[in-house]
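Peer 1: Can you look at this prediction? I've put the sequence above it.
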Amino acid sequence: QARGHCLWSLFDKIISREIPSTVVYEDDKVLAFRDINPQAPVHVLLIPKVRDGLTELGKAELKHEDIFGHLLYAAKIVAEKEGIVDGFRVVINSGVSACQSVYHLHLHVLGGRQMKWPPG
Ligand code: 5GP
C-alpha cells in the first residue's frame, strides 16, 4: 500500500524520525512529542506506535485495549514530567465533527494554563 501521500503517514514519519519532533517520552508502545501548534504552555501529542483510529481500535483485538490503557498511563507520566500535575486535560479528537486532522490515533495532553469548560 502506498502511504507516502496520506496524511496519516505524518505521525508514522515522526515515529521513524523522518520528520523531526521534540520527544518528551517514549517506550516500546507509545511516543509523546510537542505539538507544532501548541494551544497551551504544555501541549504534547501522545500516539501509539501502531496506527489505528478510535473506531477501529474499539473493534479490534484485545491487545488494542491494552494500548488504550497504556496511552492513559503514559499521559500521566507526561503530565508529571512536564510539571502540570495541578491540572491538565487529555483530549482525543475522533472524526470529522470533532476536528480530527491527523488520522493516526493521538491524545492531546494540555496544561500550564487555566482551562475552560465546555470546549468549543
Ligand atoms: P487533531 O486536530 O487531529 O486532533 O490534532 C493533530 C495535531 O497535530 C494538531 O494539534 C497539529 O498542530 C499537530 N501537528 C500537525 N502536524 C504536525 C507536525 O508535523 N509536527 C507536530 N509536532 N505536530 C503536528
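Peer 2: Okay, I see it.
Peer 1: Just name the shakiest helix or strand of the chain by mean pLDDT.
Peer 2: helix 54-59 (a mean of 55; mean pLDDT, DSSP states H and E).
Peer 1: Which element is encountered next along the chain beyond that one?
Peer 2: helix 62-82 (DSSP states H and E).
Peer 1: neighbouring contacts of that next one?
Peer 2: 24-25, 27, 29-30, 32, 42, 44, 46, 48, 50, 52, 57, 85, 88, 90, 107, 109, 111-112 (CB atoms under 8 Å, 6 or more residues apart in numbering). C-betas here are computed from N, CA, C, even on glycine.
Peer 1: and if we set it to 6 Å?
Peer 2: With CB atoms under 6 Å, 6 or more residues apart in numbering as the contact definition, helix 62-82 has outside contacts at 25, 29-30, 32, 42, 44, 46, 48, 57, 85, 88, 90, 107, 109.
Peer 1: longest strand anywhere in this protein?
Peer 2: As assigned by DSSP state E, the longest strand anywhere in the chain is strand 42-48.
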